[in-house]
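Colleague: just a sequence and a predicted model for now, questions to come.
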Amino acid sequence: MNDSSLAFWQDKAEQLVIEGRAYIDGKYQQAASGEQFDCLSPIDGRHLANVSACGQADADLAVACARTAFNTGDWRRFPPAKRKLILQKFADLVEQHGDELALLETLDMGKPISDSVNVDIQGALRCLRWTAEAIDKVYDEIAPSAENELGMVTHEPIGVVAAIVPWNFPLVMACWKIAPALATGNSVILKPSEKSPLTAIKLAALATQAGIPDGVFNVLPGFGHSIGKALALHNDVDTLVFTGSTAVAKQLFIYAGQSNMKRVWTEAGGKSPNIVFADAPDLDQAAAAAAGAICFNQGEVCTAGSRLLVESSIKDEFVAKVIAATKQWQPGNPLDPNTNVGAIVDQSQQTRVLGFIEQAQQQGGSLCQGGNAIEPVANGFYIEPTVFDNISNDMDIAQQEIFGPVLSIISFDTMEEAIEIANDSEYGLAAGVWTSNLSKGHRVAKALRAGSVWVNQWDGGDMTAPFGGYKQSGNGRDKSLHAFSKYTEVKATWIKL
Ligand code: NAD
C-alpha cells in the first residue's frame, strides 16, 4: 500500500473516474437497450456510477464476437508460451493499477481497504501469474498402443466460455475463472454481480492493453435474471462457469438442459464446520482462527467457518476465548486501513442477516456477542460480529448459509459425533479440525465430506491446491492444474501407421 491513511483513500476516491459500461469486442459500450442501473456504495450509500444493464441483445452480440474471435482469431492459435507472456503482462497491468482496483473493490462491496490491497489484489495477481506460468508446462498424452498405431490424447479449448461470478470477492472470483479459460485459448464473457461490477469492468481494458485480442475477453454487467439468464440459455455458449449461491447454481443446470447442454461448472454455497477437540495444540490460536473464520470479509465468504463444533469438556473455556477474540473484529470505515470489518454489501443482505439473528434467538440460541446493526459511517450497512452459543445442528442458523458475521457454537462429546454433525449439511465446501493427535487429525479429515479440509489452521492452501465443493457446494474445481480441465475438451486421435 502506498499510504496508510484514511485521508489518502478518501482523497483518491474523490478523484476516481469510474467506468460503468459493458466491454464488447475491445471497446466500452452502453447496453443495446440503453438501460443502466445505479451502483451505490454500502459504505455510506454514495452513488458510484451508472452501470450498463445488459440483456439478450448484448449477450447475442458478445457471444457472436467471442465466437468469431475463437473461430477466426489468433488467440487460441498462439503457442502457449505467447499466451503466457500476454497473461503475465495482464498481471503486471493489474499490479500497476492495484490501488485503483483495490479502491473500486472497497467502494463497491464494502470490504476493508487493507483486505482489498493485501488479499484481493494479491490473490488476483497470484492467480493470473501462476496460471500464465503453468500453461506452457502442461503436456498432452500418448496412449499405450500397438506398434503400428499412434494414440494421441489432446486437450483443446472448448470455445466460448461464460463466467458468472458473485460479489464477495469480485476480482479474485473473476480471475479464478478467466485465467484458466484464457490460458487454455478460449474466448470469455464475464458477467460480474450487479452488486459489485466495477473491478470486472476495469479489468477488461487492461486485458486489451496487455494484448488480448478483441472479442476474446468481454464483460457484460447487469442482473442475473436478464443477462445472466441470457448467457446461461445461449445456444452458442459452450461452457458456463459459475460461483454463487446453490439456488442459482441449480437453475443453471436447468438452463443448460433447456438449451444446448453446455457444460456447467459451479462453485456454490457452504456451511463449513470448524471442529475443535480438547487436545487442540493451542486453544488461544484456535479461538483467534475461529473468530477470523467468521469475521473476515464480514462473514461474506463461501468458506466462512460458520459452525464451530467444540468438545464439551473445554466448551465454556473455549467459548470465552472465542468471544474475546471476536471483540478484536469491529466494523469501521472500510477506507480506513486500520479497519478489519467493513460494510455488508447492501441493505437487502443486511436485512437478511439480521433476520437470521432474530430467528436464532426465537429458536432458543443464546446470543453472547454482537447481534446489532451499527453505523460507524452514516447511511452505511454494518453488522456487529455475532456469536451464538447453545445451537443445535438442526436449527436454521446451523443449516442455512447466512453469508454474514454470525457464528453458531455447537458442542459434541465424541469424535464420531463431531464427524456426524459436521457432515450433517447439504453443503460440503470446507472444514477445519484442531487436534494434537496426528492419527485423529487424519481420520477426521478423511471422514469429512468437504472439498477442503484444514488441520490446525483455517483457510490454508494457495493456487497449487484445487478448490471446490462436495454435495451441493458445487462441482468441478477452481485453481491448480485441475482448473484447466473445465476449459478444455479431450480428444482421442488414433492413427494407423
Ligand atoms: P448469487 O447466486 O445470488 O449470484 C451469483 C451470480 O449469479 C451473480 O452474478 C448474479 O447476478 C447471477 N445470477 C443470479 N440469478 C441468475 C440467473 N437466474 N441466471 C444466471 N445468473 C444469475 O450469489 P451471490 O449472492 O452473488 O454470492 C453469494 C454466494 O456465492 C454464496 O452462496 C457463496 O457461498 C457463494 N460463493 C461460493 C464460492 C465458492 O467458491 N464455492 C465463492 C464465493 C461465493
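Modeller: Done, it's in.
Colleague: do you know how far residue 81 is from residue 73?
Modeller: Distance, residue 81 to residue 73, using C-beta to C-beta, to the nearest Å: 18 Å. C-betas here are computed from N, CA, C, even on glycine.
Colleague: so for the two, which residue has more residues nearby?
Modeller: residue 73 (18 against 10; other C-beta atoms under 10 Å).
Colleague: where's the more buried one relative to residue 220, distance?
Modeller: Look at residue 73 and residue 220: by C-beta to C-beta, they are 19 Å apart.
Colleague: cool, and residue 241?
Modeller: 14 Å.
Colleague: higher neighbour count, the two?
Modeller: Neighbour totals were compared for residue 241 and residue 220, and residue 220 leads with 32 against 27 (other C-beta under 10 Å).
Colleague: can you pull the phi/psi pair for the closest residue to the more buried one other than its chain neighbours?
Modeller: Sequence neighbours aside, residue 54 is the residue nearest to residue 220 in space, at 4.3 Å (criterion: C-beta to C-beta, 6 or more residues apart in numbering). Backbone torsions of residue 54, given as degrees, to the nearest 10, read phi -70, psi 160.
Colleague: for the closest residue to residue 494 other than its chain neighbours, give the beta-bridge partners.
Modeller: Take residue 494 and drop its neighbours on the chain: the residue closest to it by C-beta to C-beta, 6+ apart is residue 151, 5.2 Å away. With DSSP bridges as the criterion, residue 151 is bridged to residue 143, residue 494.
Colleague: show me what contacts residue 151?
Modeller: Contact analysis of residue 151 by C-beta atoms under 8 Å, 6 or more residues apart in numbering lists 142, 143, 144, 145, 492, 493, 494, 495.
Colleague: close to the ligand: what parts of the stretch 101-250 of the chain are there?
Modeller: Residues of the stretch 101-250 of the chain found near the ligand (C-beta under 6 Å from any ligand atom) are 164-168, 173, 191, 193-194, 223-225, 228-229, 232, 243-245, 248.
Colleague: the closest residue to residue 375 other than its chain neighbours: neighbour count?
Modeller: Sequence neighbours aside, residue 382 is the residue nearest to residue 375 in space, at 6.3 Å (criterion: C-beta to C-beta, 6+ apart). As a burial measure, residue 382 scores 25 neighbours (other C-beta under 10 Å).
Colleague: ok, the residue nearest to residue 397 when sequence neighbours are not counted - contacts?
Modeller: Distance criterion C-beta to C-beta, 6+ apart; nearest residue to residue 397, sequence neighbours excluded, is residue 360 at 4.1 Å. Taking C-beta under 8 Å, 6+ apart, we find residue 360 in contact with 367, 388, 391, 395, 396, 397, 406, 408.
Colleague: same question for residue 142.
Modeller: The neighbourhood of residue 142, defined by C-beta under 8 Å, 6+ apart, consists of 150, 151, 152, 153.
Colleague: domains of this structure?
Modeller: Following automatic domain parsing, one gets these domains for the chain: 6-268, 273-462.
Colleague: now do the shortest one, average pLDDT.
Modeller: It refers to domain 273-462. The predicted model assigns domain 273-462 a mean pLDDT of 98.
Colleague: picking that back up, can you list the buried residues in whichever strand or helix holds the residue nearest to residue 397?
Modeller: Assigned by DSSP states H and E, residue 360 belongs to helix 347-362. For helix 347-362, burial by neighbour count (16 or more other C-beta atoms under 10 Å) applies to 349, 350, 353, 354, 356, 357, 360.
Colleague: and which of those is nearest residue 58?
Modeller: If you rank the buried residues of helix 347-362 by distance to residue 58 using C-beta to C-beta, residue 349 comes first, at 26.4 Å.
Colleague: related to what we said a few turns ago, any idea how far the helix holding residue 360 is from the middle of the chain?
Modeller: Its chain's C-alpha centre and that of helix 347-362 lie 23 Å apart, by C-alpha atoms, centre = their mean, to the nearest Å.
Colleague: now the element after it, going C-ward?
Modeller: strand 366-369.
Colleague: which residue is the nearest non-sequential neighbour of residue 270?
Modeller: In space, and not counting its chain neighbours, residue 270 is closest to residue 429: 3.3 Å by C-beta to C-beta, 6+ apart.
Colleague: can you check the pLDDT for residue 4?
Modeller: pLDDT for residue 4: 79.
Colleague: just confirm it is within a strand.
Modeller: No. In this structure, residue 4 is coil, not part of a strand, as judged by DSSP: H, G, I helix; E, B strand; the rest coil.
Colleague: ok, the residue nearest the centre of the chain to residue 331 distance?
Modeller: For the chain, residue 173 is the residue whose C-alpha lies nearest the centre (C-alpha atoms, centre = their mean; 4.1 Å). Distance, residue 173 to residue 331, by C-beta to C-beta: 23 Å.
Colleague: swap in residue 56?
Modeller: 40 Å.
Colleague: report the beta-bridge partners for residue 388.
Modeller: residue 367, residue 408.
Colleague: pull the number of nearby residues for it.
Modeller: 27.
Colleague: list the contacts of it.
Modeller: Contacts for residue 388 (C-beta under 8 Å, 6+ apart) come out as 360, 365, 366, 367, 368, 397, 406, 407, 408, 409.
Colleague: hmm, 10 Å instead?
Modeller: 308, 356-357, 360-361, 363-371, 395, 397-398, 406-410 (C-beta atoms under 10 Å, 6 or more residues apart in numbering).
Colleague: same check, this time on residue 75
Modeller: Counting by C-beta under 10 Å, 6+ apart, residue 75 makes contact with 69, 82-83, 86, 157, 182, 185-188, 211-217.
Colleague: so it versus residue 457, what's the distance?
Modeller: Counting by C-beta to C-beta, the gap from residue 75 to residue 457 is 39 Å.
Colleague: got any ranges where the stretch 51-200 of the chain has weak pLDDT?
Modeller: Scanning the stretch 51-200 of the chain for pLDDT under 70 picks out no residues.
Colleague: for the ligand, what's its nearest residue on it.
Modeller: Taking C-beta to the nearest ligand atom, the ligand has its nearest neighbour within the stretch 51-200 of the chain at residue 166, 3.1 Å off.
Colleague: list the contacts of the residue lying farthest from the centre of the chain.
Modeller: Within the chain, residue 148 marks the point farthest from the mean C-alpha position, 48.7 Å out by C-alpha atoms, centre = their mean. Applying C-beta under 10 Å, 6+ apart, we find residue 148 in contact with 495, 496, 497.
Colleague: backbone phi and psi for the second one, please?
Modeller: Per-residue torsions, residue 496: phi -90, psi 120 (degrees, to the nearest 10).
Colleague: so it touches residue 150, yeah?
Modeller: Yes. With contact defined as C-beta atoms under 10 Å, residue 496 reaches residue 150; the gap is 8.4 Å.
Colleague: who's more crowded, these two?
Modeller: residue 150 (13 against 7).
Colleague: I figured the residue nearest to residue 270 hits residue 475, correct?
Modeller: No. Using C-beta under 10 Å, residue 429 makes no contact with residue 475, being 12.0 Å away.
Colleague: show me whatever sits in contact with both of these two.
Modeller: Shared contacts of residue 429 and residue 475 (C-beta under 10 Å, 6+ apart): 267, 268, 451, 468, 469.
Colleague: and which of the residues you listed is nearest the ligand?
Modeller: Among the shared contacts of residue 429 and residue 475, residue 267 lies closest to the ligand (C-beta to the nearest ligand atom), at 3.2 Å.
Colleague: tell me the contacts of the closest one?
Modeller: Neighbours of residue 267 in contact, by C-beta under 10 Å, 6+ apart: 165-166, 173, 176-177, 241-244, 249, 302, 429, 451, 467-469, 473-478.
Colleague: many thanks, we can stop here.
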